[in-house]
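Visitor: Would you be able to build a 3D model of this:
(4 chains)
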There are 2 protein chains.
Amino acid sequence: MHTVSGRKQFDISAALDQAMQVFWQRGYADTSLDALGSATGLGRGSLYGAFGNKDALFGQCLDRYASIYGAQHEQALAAHPGDPVRAVEAFFGVVLDRIADPSVPSGCLIAQSAAQSSTLKDENSAQVRGLLDVQRQRVRTALADSSADTRTLDELAVFVVAVNQSLAVLSRAGTPDTELRSVARLACATVADTLTRAAPEDLTRG
Amino acid sequence: MHTVSGRKQFDISAALDQAMQVFWQRGYADTSLDALGSATGLGRGSLYGAFGNKDALFGQCLDRYASIYGAQHEQALAAHPGDPVRAVEAFFGVVLDRIADPSVPSGCLIAQSAAQSSTLKDENSAQVRGLLDVQRQRVRTALADSSADTRTLDELAVFVVAVNQSLAVLSRAGTPDTELRSVARLACATVADTLTRAAPEDLTRG
DNA sequence: GCCATCTTGGACCGACCGGTCAAAGATGAA
DNA sequence: TTCATCTTTGACCGGTCGGTCCAAGATGGC
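Guide: Numbers count the residues shown, from 1 in each chain, chains lettered A, B, ... in the order given. Here you go, the predicted structure:
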């Protein structure tokens, strides 16, 4: 029944999507090669030929996840130039919509991986740290159009990333969507208050 | 070399502490019975005799964790009666001090478990949800001495729990202590602003 | 048609998993 | 002293893990 081959018989990109969702749903440690095989419809030979071992495949899934949702985050943040609060609102909107989307696992692959960072291979945990840093810098850039001092903006960017992680964790524990949205709303209020408080001079003097 | 026995040869409570730290550090899925055995110094027979199987032991570790740190949280929250903001500051202080304590794993066993909730046995994930809810209610109670409306206080309690989870996740990814503390500081500011904004009448009219 | 090259499925490997069990030793009541 | 009762150790179980390997089959250049 070796009914196959010559040239590649499957869409690498589609297989990567399937594998990504398994890691996303179950976490690295609890995802077996058999689970990846049946999710992608591929045998071990194809899996190893296309992606390398489990660690390498996991790394590519992390990158793919970051690529897909990082782009959405970037787009949301850039949709409101000059209005950091609206930008952050849009940022959380992307996350909340994804969490509410039943066609995709809840939580966040990166948050999930960060939580288990100590059980990952060094290479993968370093990758997770890097992706979190990219996200932080993205938010920080969207905040740049503010008259608050650098230190405050840096802290706000970390704060937004932190709240994002918390939404992922709580959603996994079954926290209802309405509560998650109120958390995001309060975080947005923090951003708004901190920015207006840090630079009221622009309004009173200008 | 069966150099043993008659009556129990070890301190159940101490063994539970050791086991708890292993689960805390490595997560449920990545903690083997061998790891638990060498951490506690116990053979499989003793482990099963005292705690039951892996799931049951994990459940007891969750309870122990909640008991130890839940008590600390309660104490911190109660240390500033009538001053919810200070109470929340003290609450985060407990968490941050624990994270900074090198004698104990970073992160939070409950946050860790919540993130992997979908791979846990139903009983254990329900337990995690329950413990998160207890924490939420504790914070909510500390917020009760405020003139803000019920809905606002409920939302703030969820928010504080959420930020707590985010500190655990980020600390696991290696986020430095200073950044974690600034996240907590911003969250406290959110609580302060929301409370004063929701009930300014008390100051102007009273 | 021929064949070097590639892909695929699945058998297979040693290691480790959670869990069970029996032999050995310690205990305290009779 | 005897012995029922208990704990502990470590061997053992079937199953699953990540990873390797190879025979079978498809391909395209010649």
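Visitor: Which secondary structure elements does the longest helix that chain A contains sit against?
Guide: Longest helix in chain A by number of residues (criterion: DSSP state H): helix A:54-78. On a contact count with 3 or more CB pairs under 8 Å, 6 or more residues apart in numbering or on different chains; DSSP states H and E, helix A:54-78 meets helix A:12-26, helix A:33-40, helix A:44-51, helix A:84-100, helix A:109-115, helix A:122-143. (C-beta placed from N, C-alpha, C; glycine too.)
Visitor: Tabulate those (a markdown table), appending distance to B:Gln18 and mean neighbour count.
Guide: Output for the helices and strands packed on helix A:54-78, formatted as a markdown table (distance: least, CB to CB, whole Å; neighbours: other CB atoms under 10 Å in any protein chain shown):
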| stretch | distance to B:Gln18 | mean neighbour count |
| --- | --- | --- |
| helix A:12-26 | 27 | 18 |
| helix A:33-40 | 31 | 16 |
| helix A:44-51 | 37 | 15 |
| helix A:84-100 | 36 | 20 |
| helix A:109-115 | 22 | 27 |
| helix A:122-143 | 24 | 18 |
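Visitor: Which one of those helices lies nearest to B:Ala14?
Guide: Closest approach to B:Ala14 among the helices and strands packed on helix A:54-78 (CB to CB): helix A:109-115, 26.9 Å.
Visitor: near chain B at all, the closest one?
Guide: Yes - Helix A:109-115 is in contact with chain B by CB under 8 Å from any CB of the partner chain, via A:111-112, A:114-115.
Visitor: Going by distance to B:Ala157, which of those residues wins?
Guide: A:Ala111 (21.4 Å).
Visitor: Look up the closest residue to the closest one, ignoring the ones flanking it.
Guide: A:Ala168 (3.7 Å; CB to CB, 6 or more residues apart in numbering or on different chains).
Visitor: quick one, what contacts that neighbour?
Guide: Going by CB atoms under 8 Å, 6 or more residues apart in numbering or on different chains, A:Ala168 touches A:95, A:99, A:106-108, A:111-112, B:115.
Visitor: Low-confidence ranges, chain A, go.
Guide: A:1-6, A:8, A:199-206 (pLDDT under 70).
Visitor: hmm, 90 instead?
Guide: A:1-11, A:145-147, A:197-206 (pLDDT under 90).
Visitor: Which one of the residues in it is closest to DNA strand C?
Guide: Using CB to the nearest atom of the strand, A:Gly45 is the residue of chain A that sits closest to DNA strand C, at 2.5 Å.
Visitor: Verify the contact between A:Arg64 and A:Leu16 for me.
Guide: Yes - between A:Arg64 and A:Leu16 a contact is recorded at 5.4 Å, counting by CB atoms under 8 Å.
Visitor: For A:Ser182, find the nearest of the helices and strands packed on helix A:54-78.
Guide: helix A:84-100 (10.7 Å).
Visitor: How about the closest one and chain B, touching?
Guide: No - using CB under 8 Å from any CB, helix A:84-100 stays clear of chain B, with a minimum separation of 11.9 Å.
Visitor: Give me the residues contacting that helix.
Guide: A:69, A:72-73, A:76-81, A:104, A:106-108, A:139, A:142-143, A:145-146, A:160, A:163-164, A:167-168, A:171, A:177, A:180-181, A:184, A:187-188, A:191-192, A:195.
Visitor: Adding distance to B:Leu156, write the helices and strands packed on helix A:54-78 out as CSV.
Guide: Shown next, in CSV, are these (distance: least, CB to CB, whole Å):
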stretch, distance to B:Leu156
helix A:12-26, 30
helix A:33-40, 40
helix A:44-51, 45
helix A:84-100, 17
helix A:109-115, 22
helix A:122-143, 23
